[in-house]
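> Here is my input, please return the structure:
(one chain, ligands or ions: 2)
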Amino acid sequence: STGDSLPTAKDLSAIFVPAMRAHKKSAFKSVMGDPTSAMINMAGGVPHPDTFPILQLQAKVKPLGSGNEGKRPRDTIVLNKSQRCQSTESLDELLQYGAGCGVESYCNFLQKYTQLVHRPKYSDWGVISSCGNTDAIGKAVSLFCEAGDSILVEKWTFPGALGSFAAAKVLPVPVDMDGEGMDPDSLDRICTSWGEAHPLRALYLVPTGQNPTGATMSFERRQKIYSVARKHNLAIIEDDPYYFLQLAPYSIGESSSINKVMMAELDVQQADALVPSLLSLDVDGRVIRLDSFSKVLAPNLRCGWITAPTYILDKLQILNESTILQPSGLTQGVISKLLNDTWGIDGWNRHLCELRAVYTYRRNMFVCMVDRYLSGLVEYVVPSAGMFLWMKINLGSEGSTNSSAMPQLLENMKKCGVMMAPGMPFCCDTSSNSATSPEHYLRAAFALVDVNMFEPALKRLAQAIIAIHGIQP
Ligand code: PMP
Ligand code: PLP
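Ligands and ions are numbered 1, 2, ... in the order given. Next up is the predicted model:
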């Protein structure tokens, strides 16, 4: 890693679960040896690459820069059977078993990029590839929590994470939130008064464009949360798939196409304008940062990367050895080629800026329509990242006390022809997730549907809410 003058990470192994403290790399792997040495190595159950039927792989990539289609040659990615292509490994290497930490050129790019964007504050950090954040969440949590343990989470959170905690019999402890995400005082209070036999060791959070609330933690909020985590010696699992979807400030009245001014504005902002990550504040090495290509390339590539102290990555690699091994070499190879050779750092930044412009435009159009058609019917905070608008629904004096009001609203919405996600499945606070709670929320994702559909969707939602006020269907 970089940064010779930086301190090394603190040793958090005391808060690993006992099984993980003892967990060793497979003894078998260590006799497999260095494939480049003169050893005649017959140890591995490894097929010969001459038996791999894929000889070449080509992929066409959309050119960067909107409005220039047709003028520029399309970027083509080529991977060859036995020859490296610039930075990227040959197909024979990509398709062969690897060491479990990921394709080298893929990890090298992400290591370089992490240094540029997050500038970690300790020296012995690294990255390994992941099959996306869902898988990485489960693995990261399993280092610190086993059945019967508890994990601190935002009161509203990603159901995939809740599912993974439930499968491991790890209990979520809800921490209050406001428009800026997790509340540090609430976190401190819970940790200070925690008297249970199983100590709290880990905190899971989504700091940017949070799912479902859309909340983004400010720099000050991140500092406060980090210092509470330090005080109570918590590992932080930073699940940040929307980090690169931070949006330009909200402005109304955009024209019907992505505004060129905004593009230019985003261009200058570049990576420096992003809110610093928790990783970038992490002087101890207590953050395990999870990044995913799902929202910035495509979700079913099933690829991401994990950044953490190297001794923690070693543990995750051991978990990979008995599960995924690593993401598909073809996928990693294509991403590596795209990032290293076709785009480079500049092209990748350019791509991210274009994405931010697309989502800024969508957010602006959506919020503008919510203002127009739902005034008085919903309350919300304009999201500054991601793809979600979280709306508190005003169901009227009748509706707010009627336990069937929310199911009725969903029924009305179905009849009117619009659907959004109800808040309930995202809530891990059993004291407030009952149907009689006065807090009724909907999560609208403005990422997928055609922008022209925002207006009819919100007119329909208004109709469905108003029907509740009068309590007729
Ligand atoms: N099961 C057995 C019996 C094996 O021999 C091997 C490969 N050595 C595996 C599983 C691993 O298979 P995969 O590469 O599909 O994960
Ligand atoms: N974490 C959060 C907070 C998400 O919102 C999502 C996607 O919906 C994921 C993780 C899943 O990411 P991946 O596709 O990388 O598994």
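> Contact partners for the residue lying closest to residue 84 once chain neighbours are set aside?
Nearest non-adjacent residue to residue 84, counting by Cβ to Cβ, 6 or more residues apart in numbering: residue 90, 5.4 Å away. Heads up, the C-betas are built off the backbone N, CA and C, glycines and all. With contacts defined as Cβ atoms under 8 Å, 6 or more residues apart in numbering, residue 90 is in contact with 79, 80, 81, 82, 83, 84.
> try residue 213
Applying Cβ under 8 Å, 6+ apart, the residues near residue 213 are 154, 156, 177, 181, 388, 390, 443.
> Go again with 7 Å.
By Cβ atoms under 7 Å, 6 or more residues apart in numbering, the contact list for residue 213 reads 156, 177, 390.
> burial measure for the nearest residue in space to the first one that is not next to it in sequence, as a count.
Sequence neighbours aside, residue 426 is the residue nearest to residue 156 in space, at 4.7 Å (criterion: Cβ to Cβ, 6+ apart). The criterion is other Cβ atoms under 10 Å. On that basis, residue 426 has 22 neighbouring residues.
> do residue 91 as well
The burial count for residue 91: 23, using other Cβ under 10 Å.
> now residue 349
18.
> hang on, it is in a helix, isn't it?
Yes - per DSSP: H, G, I helix; E, B strand; the rest coil, residue 349 lies within a helix segment.
> Look at residue 22 and say how many residues are nearby.
8.
> just for this structure, where's the confidence low?
By pLDDT under 70, the weakly predicted segments of the chain are 1-4, 25-36, 66-74, 253-272, 432-438, 471-473.
> Now do the contacts for the most centrally placed residue in the chain.
For the chain, residue 241 is the residue whose C-alpha lies nearest the centre (Cα atoms, centre = their mean; 2.0 Å). Neighbour list for residue 241: 133, 292, 294, 295 [criterion: Cβ under 7 Å, 6+ apart].
> I'd like the distance between it and residue 152.
Between residue 241 and residue 152 the computed distance is 20 Å (Cβ to Cβ, to the nearest Å).
> And residue 23, by the same measure?
Distance from residue 23 to residue 152, by Cβ to Cβ: 24 Å.
> Counting neighbours, go ahead and name the busier of these two.
residue 152 (26 against 14).
> And that one, its phi and psi?
Residue 152 adopts backbone torsions of phi -80, psi 130, taken as degrees, to the nearest 10.
> Quick check: it touching residue 174?
No - in this structure, residue 152 is not within contact of residue 174 by Cβ atoms under 7 Å, at 8.4 Å.
> pretty sure residue 16 contacts residue 143?
Yes - counting by Cβ under 7 Å, residue 16 touches residue 143, with 5.6 Å between them.
> More neighbours: the two, which one.
residue 143 (26 against 20).
> Secondary structure element for that one, which one?
Assessed by DSSP states H and E, residue 143 sits inside helix 133-144.
> Could you list every helix and strand that that helix packs against?
helix 159-167, strand 202-205, strand 235-239, strand 287-292, strand 304-309, helix 310-321 (3 or more Cβ pairs under 7 Å, 6 or more residues apart in numbering; DSSP states H and E).
> neighbours of the closest residue to residue 388 other than its chain neighbours, just the number please.
Using Cβ to Cβ, 6+ apart and skipping the chain neighbours, the partner closest in space to residue 388 is residue 214 (4.1 Å). By other Cβ under 10 Å, 28 other residues sit near residue 214.
> Reformat the contacts of residue 241 as TSV; add distance to ligand 2 and neighbour count.
Output for the contacts of residue 241, formatted as TSV (distance: Cβ to the nearest ligand atom, whole Å; neighbours: other Cβ atoms under 10 Å):
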residue	distance to ligand 2	neighbour count
133	4	26
292	3	26
294	3	18
295	7	19
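> farthest pair in the residues you listed?
133 and 295 (9.7 Å; Cβ to Cβ).
> nearest residue to residue 218 other than its sequence neighbours?
residue 180 (5.5 Å).
> Quick check: the one you found touching residue 221?
Yes - when contacts are counted by Cβ under 7 Å, residue 180 is listed as touching residue 221 (4.8 Å).
> residues touching residue 225, list them.
Contacts of residue 225 by Cβ under 7 Å, 6+ apart are 182, 184, 187, 217.
> who touches the second one in this structure?
If a contact means Cβ under 7 Å, 6+ apart, then residue 184 has 224, 225, 228 as its contacts.
> Ligand 2: which of these is nearest?
Checking these against ligand 2 with Cβ to the nearest ligand atom, the nearest one is residue 225 at 16.1 Å.
> tell me the phi and psi of the closest one?
phi -60, psi -40.
> begin at 54 from here
Yes, from this point I'll number from 54; that puts the last item at residue 278.
> which SS class is residue 444?
strand.
> ugh, typo on my part, it should be residue 515
Going by three-state DSSP: residue 515 is helix.
> how close does it sit to residue 422?
In terms of Cβ to Cβ, residue 515 sits 10 Å off from residue 422.
> same check, this time on residue 118
29 Å.
> The two - which one has more neighbours?
More crowded of residue 118 and residue 422, by other Cβ under 10 Å: residue 422, with 18 against 14.
> In this structure that one contacts residue 509, no?
No - using Cβ under 7 Å, residue 422 is not in contact with residue 509; the gap is 9.6 Å.
> starting at the chain centroid, how far to the helix holding residue 196?
13 Å (Cα atoms, centre = their mean, to the nearest Å).
> cool, stretch 345-359 as well?
On Cα atoms, centre = their mean, the centre of stretch 345-359 falls 9 Å from that of its chain.
> contacting residues around that stretch?
Here stretch 345-359 makes contact (Cβ under 7 Å, 6+ apart) with 163, 180-186, 189, 294-295, 297-298, 341-344, 366, 369, 380, 384-385, 388, 405, 408.
> Please point out which parts of it sit buried.
Within stretch 345-359, the residues that qualify as buried are 345, 346, 347, 348, 349, 350, 354, 355, 356, 357, 358, 359, counting by 16 or more other Cβ atoms under 10 Å.
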